[in-house]
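[1] Okay, predicted coordinates and the sequence, questions at the end:
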Amino acid sequence: MATEVLLAKTITICKDCPIKTLSEGIETAAEYDTLRVKKGTYKEYNILVDKPLTIIGENFPVIDGEDKGEIIRIVSDQVTLDGLFLINVGTSYTTDYAAIRVVKSEYFDIRNIVLEKLFFGIYLEKSNNGRVYHNKIIGDAVDEYNSGNGIQLWYCKNVVVERNIIQHVRDGIYLEFSDNISIKDNTSTDNLRYGLHFMFSNDDIYTNNTFENNGAGVAVMFSKRIKMLGNTFRKNWGTAAFGMLLKEINDAEIIGNTFEENTIGINIEGSNRIMYKNNSFIQNGWAIKILGACYTNTFTLNNFLYNSFDISYNSKLNDNVFNKNYWSSYTGYDLDKNGMGDVPYRPVKLFSYIVNKTPETIVLLRSLFMDVIDFSEKVSPVFTPDNLLDSSPLMKQIP
């Protein structure tokens, strides 16, 4: 391979060059050659990259698929795409046409690509040890049924998805059966369904991403050993919207995230042994909504700031630990000046229980009636878990 790389040459593609199309350049090239595509518009689709190549665009040449189908398909190891502008992917109700599809490839690098007027954006299929870096994916999705996802991984391992901007698609980033994936520093906003959606994917890490104004922020389902660190979930509003949905998630870490102005910060069901630490829940409808079958979770050193409801529970049983959190609605005192309240805080209000049972009662949220029933439940818990309390509530917000 080293000899092949040393002998590699550069082929220039332009309207006035001997080689005028990307498909022709790929066919002409030897393994490990570099194709340099000059600025211009190239009307091509079903471009097949079947050998190790580096394809570089100068000043973002446009590859126009003319709505006829997939634009670029990579089926070789060691392929780099850099600096192209792809538009007009075909729409199909039977085939998931993508601007770029990577199939059974190793050591690929897709970077600095702009995608517009797409069905699926970048679709990775049974491909490993690659990177999707610094791409801009702008769809024009209106309905879920006739739109695709921005970046999709299916049966992939050891892939880095970093510094991408994804907007106006169905799901910004979608993973299924994909392990050891690193998703960091991406911005996924204004998407129809989820900013990030993944299922049956283990040992993944999500760091410093922003999920804002999506149908819902992030859906995490049927996965193990997930780490979500330093992400921002903001303004995911709607009748069924949330910052994050956890369903059947075990042995995870959710640390240092911000959940701000979502209908529900985190919606949790059937998820166990999760550490929630150093998160801030700010002005959400519900900060955390626990729907049941959630055991041995720990909530510590979190800020709960001005949410309509901090914790919502639909069961009288509690096996989770709340300790040393800051609650903006805590009204206790700290006589021994150790920074922790002397009176335990009960974050589950009776009114949140009533709203769970009868959603129409939400209209009474700011009424005197709410204050009376919450006070009565605090004095003598009947409907809410009597052992769900923070015995050491912090007196000061955590920086």
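    That came in fine, so what should we check first?

[2] Break this structure into its domains for me.
    Segmentation of the chain into domains, based on automatic domain parsing, reads 1-214, 225-399.

[3] quick one: the first one to chain centroid distance?
    In other words, domain 1-214. 18 Å (C-alpha atoms, centre = their mean, to the nearest Å).

[4] any chance of the domains of the chain in a markdown table, with mean pLDDT and mean neighbour count too?
    In this view, the C-beta of every residue, glycine as well, is placed from N, C-alpha and C. Converted to a markdown table, the domains of the chain look like this (pLDDT from 0 to 100; neighbours: other C-beta atoms under 10 Å):
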| stretch | mean pLDDT | mean neighbour count |
| --- | --- | --- |
| domain 1-214 | 95 | 20 |
| domain 225-399 | 86 | 18 |
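
[5] So which residues of the chain form helices?
    Counting by DSSP state H, the segments of the chain that form helices are 2-6, 22-28, 350-357, 368-379.

[6] Quick check: end-to-end length of stretch 139-149?
    This stretch, stretch 139-149, spans 9 Å end to end (C-alpha to C-alpha, to the nearest Å).

[7] err, stretch 315-327, not the other one
    Start-to-end span of stretch 315-327 (C-alpha to C-alpha) is 22 Å.

[8] which residues sit against it?
    Residues outside stretch 315-327 that contact it (C-beta atoms under 8 Å, 6 or more residues apart in numbering): 290, 292, 294-305, 310-311, 340, 345, 347, 383-398.

[9] how does it look with 6 Å?
    With contact meaning C-beta atoms under 6 Å, 6 or more residues apart in numbering, stretch 315-327 is reached by 292, 295-304, 345, 385, 387-388, 390, 392-394, 397-398.

[10] Likewise for stretch 143-155?
    119-126, 132, 137, 141, 166, 169-178, 192-193.

[11] do that again at 7 Å, thanks
    The list of residues contacting stretch 143-155 from outside it, by C-beta atoms under 7 Å, 6 or more residues apart in numbering, reads 91, 96, 119-126, 132, 137, 139, 141, 159, 161, 164, 166, 169-178, 181, 192-193.

[12] Look up how far Gln167 lies from Asn284.
    Per C-beta to C-beta, to the nearest Å, Asn284 is found 23 Å from Gln167.

[13] Same check on Thr94?
    In this view, Thr94 and Gln167 are 26 Å apart by C-beta to C-beta.

[14] Narrow the contacts of stretch 143-155 to those in strands?
    In strands, defined here by DSSP state E, the members of the contacts of stretch 143-155 are 120-125, 132, 137, 159, 161, 166, 173-176.

[15] List just the nearest of those residues to Asn257.
    Of all those, Asn257 sits closest to Ile173, with 16.3 Å by C-beta to C-beta.

[16] Surely that closest one is in contact with Ser188?
    Yes - assessed by C-beta atoms under 7 Å, Ile173 is found in contact with Ser188 at 6.1 Å.

[17] Could you tell me which residues touch both of these two?
    Common neighbours of Ile173 and Ser188, counting by C-beta under 7 Å, 6+ apart, are Ile166, Leu196.

[18] who's in contact with Leu394?
    Applying C-beta under 7 Å, 6+ apart to Leu394 gives the contacts Lys324, Asn325, Tyr326, Gly339, Met340.

[19] repeat that for 10 Å
    Residues in contact with Leu394 (C-beta atoms under 10 Å, 6 or more residues apart in numbering) are 301-303, 323-327, 330, 334, 339-341, 345.

[20] So of the residues you listed, which two are at opposite extremes in space?
    The distance between the two most remote of the contacts of Leu394 (C-beta to C-beta) is 18.6 Å, for Asn302 and Asp334.

[21] so Glu261 makes contact with Phe242?
    No - checked against C-beta atoms under 10 Å, the pair Glu261 and Phe242 is beyond contact range at 11.9 Å.

[22] Can you check which residues contact both of the two?
    In contact with both Glu261 and Phe242: Phe233, Asn236, Asn284, Gly285, using C-beta under 10 Å, 6+ apart.

[23] now those as a markdown table including distance to Gln78?
    As requested, the shared contacts of Glu261 and Phe242 are exported to a markdown table (distance: C-beta to C-beta, whole Å):
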| residue | distance to Gln78 |
| --- | --- |
| Phe233 | 36 |
| Asn236 | 39 |
| Asn284 | 46 |
| Gly285 | 49 |
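
[24] between the residues you listed, which is closest to Lys227?
    Taking C-beta to C-beta as the measure, Lys227 lies nearest Phe233 of those, at 15.5 Å.

[25] That closest one contacts Ile266, doesn't it?
    Yes - with contacts counted by C-beta under 10 Å, Phe233 reaches Ile266, the gap being 8.5 Å.

[26] what do the two both touch?
    Shared contacts of Phe233 and Ile266, defined by C-beta under 10 Å, 6+ apart, comprise Gly217, Val218, Phe242, Gly243, Met244, Asn257, Phe259, Asn279, Phe281, Asn284.
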